[in-house]
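Engineer: Provided below for reference: sequence and predicted model.
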Amino acid sequence: MSHLTLNPQQIQAALEALVEKPGGLNQVLELALNSFMKAERTEYLRGANGNKGNGYRSITGLGIGDSLSLQVPRDRLNQFKPWILNVMKEQSDTLNELCFELYAKGLTTRDIESVTESIYGQKLTRSAVSRITKNLYDEMKSFREQAISEYYPIVYLDATFVKTKRDTVSSEAYYVALAVKHDMTREVIGIYNAPTESASNWDDIVLDLKSRGLKQTDLVVIDNLKGLDTAIERHFDCRIQKCVLHLKRNILRKVKKAHRSELADDLRYVFNLDERSDDREEFMIRAKWLYEKWGKLYRTLSIFNDQDYLQYYATYLDFEPLIWNMIYTTNWIERLNKSFKRTLKIRNSMPSVDSVLTLLSKVAIDMNNTTYRYPIGRFEKSELFN
């Protein structure tokens, strides 16, 4: 068979004409890649004793708006590996990472099938996407089980609720542990699930943190979750601050609308962050005043006449005023919970506990690598960090 000889200008003109046709760009890519691999095998076999070409095997690659059909040359000894296959593997790895990110942002497997087909021209089957997300599950599980530091100056603990399917769909508690490290950066160190909040659940969580390395913390900031303070005191010699904002919200939800504005002002007076010389004694005096004013109308306000109960809400006063607004509330976890909700909001409910834990873990890792890696400058002057 005679070979057609074309000069570079003619080859370029032919390629341009082919590219202009529908699907022409992918055809050019197929021709070029197949030719590269064939030429690479020819060079590889040059001078190779006893080894020869042995046909081709078909694979599918990612093209532009469509998939590519490639013919990979083989040799008899099965030793030849075309360079282009490394590029194909990198493409596949990129696709896997894309699927990870899409799933972590809340897209369903069906959504991911559609996106990958639109971008790469290669429709991944639902089972293929499921395999990719299974790998993500495993990576996120490793994150939740990894070793943590022995010491964190501050640890924040709170729970959020997500509709999750077991036998039926119901709201289940997902517990989060967010810590401030000695270098004043933050880190999510734990994500857990239990169908409901309970003292035994918190005990298990504290035990897990200890088993993964935690030996000491100086301050734990929590909501008034049942049994949590007892679990902490059982395992750590540290101070506890209960969330003041949660307390205020719970109180104001249970009073008449006509009283809310005035009572909200009185609560701000009791928890006065602007009075830098404030101390526990003055705080208790103001708390008793609030009880005497409102206690006859609302029995729930009897807590302001209970110094043992209130001591957990006044711990922030033991520290420098500069950091009061960062330790008197679990707001940092609430902001993290909002990031969780943004990821979960496009789903009415999650298909399993593992799927929720996976998505929450991915959000946590992203936060650890971005927002939380910057130190909180005001902690520099606190005794907690010196």
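Structural biologist: That came through, no problem.
Engineer: and the helices in this structure?
Structural biologist: For the chain, the helices defined by DSSP state H cover 8-19, 24-45, 83-104, 109-120, 126-145, 199-211, 228-235, 244-253, 257-270, 280-294, 307-310, 324-327, 331-344, 353-369.
Engineer: residue 179 is nearest to which of these?
Structural biologist: Among those, the nearest to residue 179 by Cβ to Cβ is helix 199-211 (9.2 Å). In this view, the C-beta of every residue, glycine as well, is placed from N, C-alpha and C.
Engineer: which strands or helices does the closest one pack on?
Structural biologist: strand 169-180, strand 186-194, helix 228-235 (3 or more Cβ pairs under 8 Å, 6 or more residues apart in numbering; DSSP states H and E).
Engineer: export that helix as CSV, just CAs?
Structural biologist: Included here for helix 199-211 are C-alpha records, laid out as CSV according to Å, rounded to 0.1, in the frame of the first residue of the first chain:
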residue,chain,number,x,y,z
ALA,A,199,-25.8,11.7,79.2
SER,A,200,-24.5,8.3,78.2
ASN,A,201,-23.9,9.5,74.6
TRP,A,202,-21.8,12.4,75.8
ASP,A,203,-19.9,10.0,78.0
ASP,A,204,-19.1,7.9,75.0
ILE,A,205,-18.0,10.9,73.0
VAL,A,206,-15.6,12.2,75.8
LEU,A,207,-14.2,8.7,76.1
ASP,A,208,-13.6,8.6,72.3
LEU,A,209,-11.8,11.9,72.4
LYS,A,210,-9.6,10.6,75.2
SER,A,211,-8.9,7.3,73.3
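Engineer: same question for that helix, mean pLDDT?
Structural biologist: Mean per-residue pLDDT for helix 199-211: 89.
Engineer: list of residues touching that helix?
Structural biologist: Residues outside helix 199-211 that contact it (Cβ atoms under 8 Å, 6 or more residues apart in numbering) are 148, 157, 173, 175, 177, 189-190, 192, 194, 225-228, 230-232, 234-236.
Engineer: domains in the chain, by residue range?
Structural biologist: Domain ranges of the chain: 1-81, 85-145, 150-385, per automatic domain parsing.
Engineer: whichever of the contacts of helix 199-211 end up buried, select them in ChimeraX.
Structural biologist: Remark: buried members of these, expressed as a ChimeraX selection using 16 or more other Cβ atoms under 10 Å:
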select :148,157,173,175,177,189,190,192,194,225,228,231,232,236
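Engineer: so where's the chain uncertain?
Structural biologist: Within the chain, the stretches with pLDDT under 70 are 1-4, 6, 19, 61-67, 86-97, 100, 103-109, 118-132, 197-199, 346-349.
Engineer: neighbouring contacts of stretch 263-271?
Structural biologist: Residues outside stretch 263-271 that contact it (Cβ under 8 Å, 6+ apart) are 244, 248, 251-252, 255, 283, 286-287, 289-290, 293-294, 304, 313, 328.
Engineer: please pick the buried ones from these.
Structural biologist: By 16+ other Cβ under 10 Å, the contacts of stretch 263-271 give 244, 248, 251, 255, 283, 286-287, 290, 294, 304, 313, 328 as buried.
Engineer: which among these gets closest to residue 52?
Structural biologist: If you rank the buried ones among the contacts of stretch 263-271 by distance to residue 52 using Cβ to Cβ, residue 328 comes first, at 77.5 Å.
Engineer: can you tell me which residues contact the closest one?
Structural biologist: So residue 328 contacts 221, 241, 243-245, 271, 273, 316 (Cβ under 8 Å, 6+ apart).
Engineer: circling back: tell me the one of the contacts of stretch 263-271 nearest residue 25?
Structural biologist: Comparing the contacts of stretch 263-271 against residue 25 with Cβ to Cβ places residue 328 closest, at 60.8 Å.
Engineer: residue 145 versus that closest one, what's the distance?
Structural biologist: According to Cβ to Cβ, to the nearest Å, residue 328 stands 32 Å off from residue 145.
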